[in-house]
Structure formats: C-alpha cells, structure tokens
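**Student:** task: produce atomic coordinates for the following.
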Amino acid sequence: MKLISEEAIEVNFVTEEDDNKKKNYFIEGIFMQSETKNRNGRVYPKVILQKEVKRYTEKFINTKRAFGELGHPDGPTVNLERVSHMITELVEDGDNFLGRAKIMDTPYGKIVKNLIDEGAKLGVSSRGMGSLKPVQDGLQEVQSDFYLATAADIVADPSAPDAFVSGIMEGKEWVWDNGLIKEKEIVEYQKRVERATEISRNKVRIEAFENFITKL
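**Tutor:** Below is the predicted model:
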C-alpha cells in the first residue's frame with residue numbers, strides 16, 4: 001500500500017471564546033471529497049470513504065484519539081510528539097466529508113495558535129495509505145484497502161505532501177505487522193525476482209515470499 005496525502009481545499013481556521021473568555025482555535029471545512037477527481041489525479045469512491053470515515057469516527061474520534069500533526073509526516077502513523085490538534089467531527093455531506101478539529105495546547109499546537117494570531121495562511125491535508133488503480137486518462141482510483149491515518153494535518157503548503165510522496169517516499173510499501181503499520185523491504189524482494197533468470201525466477205519468488213512471511 002502507498003502513502004497517500006490529499007489537500008483539503010475548503011477549510012477555515014477560526015477562533016471562539018468560551019464562557020471564561022478563553023480563546024479556542026478550530027479548523028472547519030471540507031476535509032475529504034468523494035466521486036471527484038482531485039488535483040492529484042485521484043478519485044475516492046464514496047462507498048470507500050463512507051466505510052473508512054465510519055471506522056475512523058468509531059475508533060478515533062469517539063474515543064478522543066483522532067490526532068493530527070503540524071508539518072508533513074514521513075509515514076502513515078501519527079507521532080504524538082508532533083500532535084497539534086484533535087479532530088472532533090467528520091460527517092458526510094453529499095459527496096463531501098465535513099470536519100472540525102480543535103487546536104490543542106501542545107508545543108506544536110501553540111505554534112499553530114501563534115501562526116494564526118500573526119495572520120499566517122495555513123492549509124490542511126489528509127493522510128492515509130492504500131492501493132491505487134489506473135482507470136482512464138491518468139486518473140487513479142483509490143481501492144477498498146484504503147486506511148485513513150488522520151483526517152487533517154496542518155501544513156504551510158498543502159500541495160507539498162504529494163510531491164513528497166511521489167519523490168522521497170516513492171517505491172515504499174506499508175503493511176500491517178502485529179497491529180502496527182510499518183515499512184517492509186518488499187522492494188528488495190521485487191528486485192531479487194527481477195534479477196533472477198527466467199529459469200530460476202519461480203524459485204526466487206518462493207524464497208522471497210517465505211522470507212517475507214517469516215518477518216511478519
């Protein structure tokens with residue numbers, strides 16, 4: 001599965017005062033879209049996003065564990081040291097999924113608050129992993145194994161994650177390992193098979209597969 005990051009195109013950073021006159025900071029807007037070709041040339045079938053948003057809501061939002069980071073993470077897992085906000089809502093609205101997140105008083109959350117107070121323009125991008133299937137004219141369809149890691153990371157340039165994924169992260173695969181997500185050396189196994197002669201290729205495939213299985 002590939003690391004996938006998408007820009008949220010319609011979000012706002014807002015501030016609200018509570019009863020104690022304390023200023024709270026929030027992100028609101030369209031976090032994800034289905035049935036529409038996005039700027040990265042990908043489309044998410046609605047049924048796939050519905051299923052994954054339901055899982056994400058039940059497992060993370062409802063248990064107050066739906067965190068997002070400041071910056072462009074280099075993998076699908078959330079690094080608690082970089083957490084800046086907590087997603088509190090993600091609901092379906094037509095083909096869109098509307099989200100709301102609260103900026104937290106963590107070290108990175110305080111950076112976000114200061115940036116907002118200084119008038120900085122920030123963006124939001126979702127992060128997940130999954131398989132992609134070419135369909136037509138360069139369009140890629142996200143497949144049913146899509147896993148949403150976080151509905152929103154806060155970034156200075158929302159278009160950068162895709163360039164990062166297509167460059168530094170290119171060729172990397174992510175799999176489940178004892179309940180954790182981590183990178184595996186699948187690319188090395190693929191290279192071994194490609195280097196093998198036609199006569200011994202089947203044998204190398206079997207050895208590579210057995211080697212991979214022993215590491216799970």
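
**Student:** which ones are touching the residue positioned nearest the centre of the chain?
**Tutor:** Residue closest to the mean C-alpha point of the chain, counted by CA atoms, centre = their mean, is Arg127 at 1.0 Å. Arg127 makes contact with 3-5, 73, 76, 148-150, 153, 161 under the criterion CB atoms under 8 Å, 6 or more residues apart in numbering. Glycine gets a C-beta too; all of them are placed from N, C-alpha and C.

**Student:** among these, which are located in strands?
**Tutor:** Members of those lying in strands (criterion: DSSP state E): 3-5, 148-150, 153.

**Student:** circling back: from the contacts of Arg127, list the buried ones, please.
**Tutor:** 3-5, 73, 76, 148-150, 153, 161 (16 or more other CB atoms under 10 Å).

**Student:** separation between Val43 and Leu49?
**Tutor:** 10 Å (CB to CB, to the nearest Å).

**Student:** what of Asn114?
**Tutor:** 33 Å.

**Student:** which one of those two has more residues nearby?
**Tutor:** Each of Asn114 and Leu49 has its neighbours counted (other CB atoms under 10 Å); Leu49 has more, 22 against 10.

**Student:** for the more buried one, which non-adjacent residue is closest in space?
**Tutor:** Closest residue to Leu49 apart from its sequence neighbours, by CB to CB, 6 or more residues apart in numbering: Ser34 at 4.6 Å.

**Student:** OK, contacts around that neighbour?
**Tutor:** 43-46, 48-50, 95-97.

**Student:** now do the strands in the protein.
**Tutor:** Using DSSP E, strands in the chain cover 2-8, 10-17, 23-33, 42-43, 67-69, 83-93, 96-103, 123-130, 132-136, 139-142, 147-155, 173-177, 180-184.

**Student:** which ones are touching Leu90?
**Tutor:** 31-32, 53, 56-57, 61, 66, 97-100, 151.

**Student:** of all these, which comes closest to Val135?
**Tutor:** Met32 (19.2 Å; CB to CB).

**Student:** what's the neighbour count on that closest one?
**Tutor:** 23.

**Student:** ditto for Ile111
**Tutor:** 15.

**Student:** where are the low-confidence patches of this protein?
**Tutor:** 157-216 (pLDDT under 70).

**Student:** show me the domain layout of it.
**Tutor:** Following automatic domain parsing, the chain resolves into domains at 2-171, 185-214.

**Student:** among those, which is the most enclosed?
**Tutor:** Compared across the domains of the chain, domain 2-171 shows the largest average neighbour count, a mean of 17 (mean count of other CB atoms under 10 Å).

**Student:** next one: that one to chain centre, how far?
**Tutor:** Centroid separation for domain 2-171 versus its chain: 7 Å, with CA atoms, centre = their mean, to the nearest Å.
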